[in-house]
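[1] Model the following, please.
(one chain, ligands or ions: 1)
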Amino acid sequence: MTSSATQPAKDSRNGHFAASYGHRYMTRPVPTDRLPDESNPAAVAYQLLKDEVELDGKPAQNLATFCTTWMEPEADKLIAEGLHYNLADEDEYPHVSEIQKTCVNMMADLFHAPDISTDGGGMGTATIGSSEAMMLAGLAMKFNWRNRQLAAGKPADKPNLIMGTNVQICWKKFARYFDVEPKLLPLEPGRYVVTPEQVASAVDENTIGVCAVVGSTFTGEFEDVKAINDALERLNAERGWHVPIHVDGASGGFVAPFLYPDLEWDFRVPLVQSINISGHKYGLCYPGIGWVIWRNRAAVPEDLIFRVNYLGGEMETFTLNFSRPASGVLSQAYNFLRLGREGYTTCMTALKANADYIRERLEATGDFDIMSDGQSLPLVAWSVKESAPYTAFDLSDKLRERGWIVPAYTMPKHAESVTCLRAVVRENMSRTLADDLVDDVLWAVGELNRTKPKLAAEVIEREANQEPIC
Ligand SMILES: Cc1ncc(COP(=O)(O)O)c(C=O)c1O
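    The predicted structure is shown next:
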């Protein structure tokens, strides 16, 4: 607790001191349907909100999220200090703007963008997360397709986008918000990524692009970008199409370059035009920072770019949102400078080692089927064996009793018979915490094995004793 929370606060309105606790809102509910009539001492407002938020799950035990829950104190300081710089005000804050460009250059280089020197730098922008980033990339694909269709005298009113049903919800949002038909390729039990053959049979001349996920939200697996590229290249050559690939690297974009540097998933693959990445996932920053990086300037249609001069000099803007704090960009730049390739590699290697450790211990119990492949994101996805008297949902609920947030969910359409649990390994997952987690899973399984059959028997007995409804 900070000192401002523990010190009595001076109420500026009537000059008396008000302790954080003992104020009127400690004995009356805070209004939630209208603005309070009176003001409150700062310490009271702080304490009320802090106490309420602390009722939520503990971020360190939230294994559902891919988002960072811990950064170094220096980063925290920089983030707080960056809050009052508006990233959109490039003319007023040219150094902040340069820092953003440096980050874009670093990522374009990391992802092997081919034309950085001729373009005068990488092409991309900071966003609030991967959702905004992929929407910009999706719009670029849509506009490029439309321009090609119109130039060829062909209709441009029925764009479609190819993706697996394993895509994150942002892709379905994009399709609906921007009037693009989503062509969703089905998965099946045991196969949770799309195949190049599926992609090739779905593409047509109205396809604006193909989304390949590097780091599936469901199992962490990487789609085979190179194989999808090869299938598409053949089709494009045969039919005279120009269907590109967008890589959703929300999670994998900061994992693959460090753990699997030889894996070709980025701009080394010829048809990859754009990549979205969440800085706030394995970029190791707090929520609020994502990036879209294009292959080169030519991949970004002019229609996407606006030029404004009302903040001073002329600047280009191509984001969905305008104003936002510089903090996210500063936190990303901090990590780049602080960690470098060496630090990211060390960190990702440690995450993978702990994910492997959790996977091996869970597998050794014989109670589960492991669904993540151990060669992609540092996470463990597993299902409960069919013979168990409890479900994945029961196990997830039981773990909440020990504070762990481990989500259970059904796989997407056509594979929905499979239910999965997933533990995302992030920077704050030490080997000790990993052991605590597995020990608690074992405890939960013991409890469920002991009580579930009993519960089932009780329900059967209760139902048998019920009067028939007539
Ligand atoms: C593969 C994938 N794409 C996109 C997103 C959306 O990312 P963001 O939360 O940064 O908008 C996620 C989030 O989990 C994701 O896993």
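[2] The protein against the ligand: which residues are in contact?
    66, 129-131, 168, 170, 213, 215, 217, 248, 250-251, 278, 290 (Cβ under 6 Å from any ligand atom). For glycine as for every other residue, the C-beta is placed from the backbone atoms N, C-alpha and C.
[3] redo that, cut-off 8 Å
    Contacts of the chain with the ligand, taken as Cβ under 8 Å from any ligand atom, map to 66-67, 128-134, 167-171, 213, 215-217, 248, 250-252, 276, 278, 280-281, 287, 290.
[4] Which of the residues you listed fall in helices?
    S130, S131, E132, A133, M134, I169, C170, W171 (DSSP state H).
[5] Would you check that the second one makes contact with C170?
    Yes. Assessed by Cβ atoms under 8 Å, S131 is found in contact with C170 at 3.9 Å.
[6] Okay, now the unreliable bits of this protein?
    Along the chain, segments meeting pLDDT under 70 span 1-18, 310-313, 454-470.
[7] ok, now with 80
    Where the chain drops to pLDDT under 80, the residues are 1-26, 309-315, 453-470.
[8] the helices in it, which residues?
    Going by DSSP H, the chain shows helices at 3-6, 42-53, 73-82, 94-110, 116-119, 130-151, 169-177, 196-202, 225-239, 256-259, 327-364, 392-400, 431-465.
[9] Dump those helices to TSV, plus mean neighbour count.
    Output for the helices of the chain, formatted as TSV (neighbours: other Cβ atoms under 10 Å):
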stretch	mean neighbour count
helix 3-6	11
helix 42-53	16
helix 73-82	14
helix 94-110	19
helix 116-119	12
helix 130-151	21
helix 169-177	16
helix 196-202	18
helix 225-239	17
helix 256-259	22
helix 327-364	19
helix 392-400	19
helix 431-465	14
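[10] With distance to S20 as extra columns, can I get the ones you listed in TSV?
    Conversion of these to TSV gives the following (distance: least, Cβ to Cβ, whole Å):
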stretch	distance to S20
helix 3-6	6
helix 42-53	4
helix 73-82	21
helix 94-110	35
helix 116-119	53
helix 130-151	37
helix 169-177	39
helix 196-202	58
helix 225-239	54
helix 256-259	45
helix 327-364	27
helix 392-400	30
helix 431-465	32
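[11] if we compare these, which one ends up closest to R24?
    Proximity to R24 (Cβ to Cβ) singles out helix 42-53 among those, at 8.8 Å.
[12] Who are the packing partners of that closest one?
    helix 3-6, strand 9-10 (3 or more Cβ pairs under 8 Å, 6 or more residues apart in numbering; DSSP states H and E).
[13] Kindly recompute the last result at 10 Å.
    helix 3-6, strand 9-10, strand 17-18 (3 or more Cβ pairs under 10 Å, 6 or more residues apart in numbering; DSSP states H and E).
[14] any idea how far that helix is from the chain center?
    Computed by Cα atoms, centre = their mean, to the nearest Å, the chain-centroid distance of helix 42-53 equals 29 Å.
[15] now stretch 308-321
    Using Cα atoms, centre = their mean, the offset of stretch 308-321 from its chain centre is 27 Å.
[16] same question, stretch 124-135
    Distance of stretch 124-135 from the chain centroid (Cα atoms, centre = their mean) equals 11 Å.
[17] Between the two ends of that stretch, how far is it?
    End-to-end distance for stretch 124-135, by Cα to Cα, to the nearest Å: 13 Å.
[18] before we move on, back to that, how about the ones in helices among the residues of the chain next to the ligand, which pair is most distant?
    Among those, the pair separated by the greatest distance (Cβ to Cβ) is A133 and I169, at 14.5 Å.
[19] Show me which of the residues of the chain next to the ligand are buried.
    66-67, 128-134, 167-168, 170-171, 213, 215-217, 248, 250-252, 276, 278, 280-281, 287, 290 (16 or more other Cβ atoms under 10 Å).
[20] picking up where we left off before, next, show the common contact partners of S131 and C170.
    Shared contacts of S131 and C170, defined by Cβ atoms under 10 Å, 6 or more residues apart in numbering, comprise A250, N276.
[21] How is this structure partitioned into domains?
    3-56, 75-338, 350-456 (automatic domain parsing).
[22] For the closest residue to T410 other than its chain neighbours, which residues are in contact?
    On the basis of Cβ to Cβ, 6 or more residues apart in numbering, the spatially nearest residue to T410 that is not a chain neighbour turns out to be E416, at 4.7 Å. Residues near E416 by Cβ under 10 Å, 6+ apart: T165, L187, P189, Y409, T410.
[23] Kindly indicate which of these lies nearest K58.
    Closest approach to K58 among the contacts of E416 (Cβ to Cβ): Y409, at 20.9 Å.
[24] Just give the number of residues close to the nearest residue to the closest one once chain neighbours are set aside.
    Sequence neighbours aside, C420 is the residue nearest to Y409 in space, at 6.1 Å (criterion: Cβ to Cβ, 6+ apart). When neighbours are defined as other Cβ atoms under 10 Å, C420 has 21 of them.
[25] For C420, give its distance to M163.
    Separation of C420 from M163 (Cβ to Cβ, to the nearest Å): 20 Å.
[26] Find the closest residue to the ligand in the stretch 251-400 of the chain.
    Proximity of the stretch 251-400 of the chain to the ligand (Cβ to the nearest ligand atom) peaks at S278, 3.8 Å away.
[27] Report the contact partners of that residue.
    Contacts of S278 by Cβ under 10 Å, 6+ apart are 66-68, 127-131, 133, 215, 248-251, 253-254, 285, 287, 289-291.
[28] repeat that for 6 Å
    G129, S130, A250, G290 (Cβ atoms under 6 Å, 6 or more residues apart in numbering).
[29] what sits against the third one?
    Contacts were defined as Cβ under 6 Å, 6+ apart; by that measure A250 touches S130, S278.
[30] same thing with the first one?
    Contact partners of G129, counting by Cβ under 6 Å, 6+ apart, are S278, G290.
[31] and what of the last one?
    G290 makes contact with T127, G129, S130, A133, S278, G279, according to Cβ under 6 Å, 6+ apart.
[32] rerun that using 7 Å as the cut-off
    T127, I128, G129, S130, E132, A133, N276, I277, S278, G279, H280 (Cβ atoms under 7 Å, 6 or more residues apart in numbering).
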